[in-house]
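Q: got a predicted structure plus its sequence, pasted below:
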Amino acid sequence: MSAEAARPTTLARRPFTPSSLGLGLRWLGRSRAATFGGTVMAAIGLAAIFAPLLTSYAYDAQDFAIASLPPLASLAHPLGTDQFGRDILSRVLYGARVSLAVSLSGMLVASAVGVAAGLLSAYLGGALDAVLMRLADVQLSFPYLILAIAMMALLGPSLPLLVVVLAVRGWVNYARTIRGIVLSLKEEEFVAAAIVAGASPGRIILRHLLPNVLAPIIVLSSFELAAMMLTEASLSFLGLGVQPPMPSWGSMVSQGRDYIYTSWWLTTIPGLALMLAVLGANQLGDGLRDLLDPRLRGARL
């Protein structure tokens, strides 16, 4: 049996067509959690992309004549204004753009580093496996938020550094998850067949192991996106993330906390936006896990 014939669960690659999109949407529709989470995340993503079309105000435009205007008090400012007269709807929409962009970037970097570390650690083993796993253990034993605050305070807050800090947070979860799966896969017959056929370690990792861990990567990425949005909001709340006047949901909550008894909407509205985004990402991850895990597919659909 050839190595290519022995591959267990990979599917033949087909060109993307409109019918493929419809098939994918029907597949996601089989799970209520995936449908809800996907709809919420798509809505937030579209709102962030088309923010300039959904609001007539710049996120940093100030008008002290209408400062602290409550929601629904004016059709021009349906979510009200803050203490500087800035439109809350505009700042929430642009804050979604910043929060999603930073969290997605951090998740992509973390997944690239963590998946590569997990694959190499599990397949090659030896000293590389020991070093990478001990490094992961050390990081997990250290309070991450303290490490993130130290990095941001030492190097100075910036968006690129914020992405790096988020990636440092997430790569360990990818590495440990992928390592555990690959340790099991490398004992399968299709890997032995590939070795007998003369495939190099790089070819085995890229052509035989990586396609079989894509489903766990997709599911884990949904949960990591939610966690990174919370981490970004926490750092911005502490003043170590996105810097003013650029809005972020975390910084909006921080700026409005001194007015929580007189202007409750300053913290409540961005807090609800963050809660909805995290809930949507988590629900999407739950739904994808149910759909992609054959042990759960029959029981929970």
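A: Cool, the structure landed. Numbers count the residues shown, from 1 in each chain.

Q: show me the contacts for Ser105.
A: Val163, Leu166 (C-beta atoms under 8 Å, 6 or more residues apart in numbering). No exception for glycine: its C-beta is placed from N, CA and C like everyone else's.

Q: checking it next. Helix, strand or coil?
A: Following DSSP: H, G, I helix; E, B strand; the rest coil, Ser105 is assigned to helix.

Q: and the pLDDT at it?
A: Listed pLDDT for Ser105 reads 94.

Q: the one 3 residues further on now?
A: Per-residue confidence for Leu108 comes out at a pLDDT of 95.

Q: what of the one 10 residues further on?
A: pLDDT, the model's per-residue confidence, is 93 for Gly118.

Q: same question for Leu53.
A: According to the prediction, Leu53 has pLDDT 91.

Q: element containing it, please.
A: helix 51-54 (DSSP states H and E).

Q: ditto for Ala167
A: Counting by DSSP H and E, Ala167 is found in helix 159-185.

Q: quick one: average pLDDT of that helix?
A: Mean pLDDT, helix 159-185: 91.

Q: identify each buried residue in the next helix or strand after that helix, please.
A: For helix 159-185, the following helix or strand on the C-terminal side (DSSP H and E) is helix 189-196. In terms of neighbour count (16 or more other C-beta atoms under 10 Å), helix 189-196 has its buried residues at Phe190, Val191, Ala193, Ala194.

Q: and for stretch 191-210?
A: By 16+ other C-beta under 10 Å, the buried positions in stretch 191-210 come out as Val191, Ala193, Ala194, Ala199, Ile204, Ile205, Arg207, His208, Leu209, Leu210.

Q: what of stretch 150-168?
A: Here stretch 150-168 shows Met151, Met152, Pro157, Leu161, Leu162, Val163, Val164, Val165, Leu166, Ala167, Val168 as buried, counting by 16+ other C-beta under 10 Å.

Q: many thanks, we can stop here.
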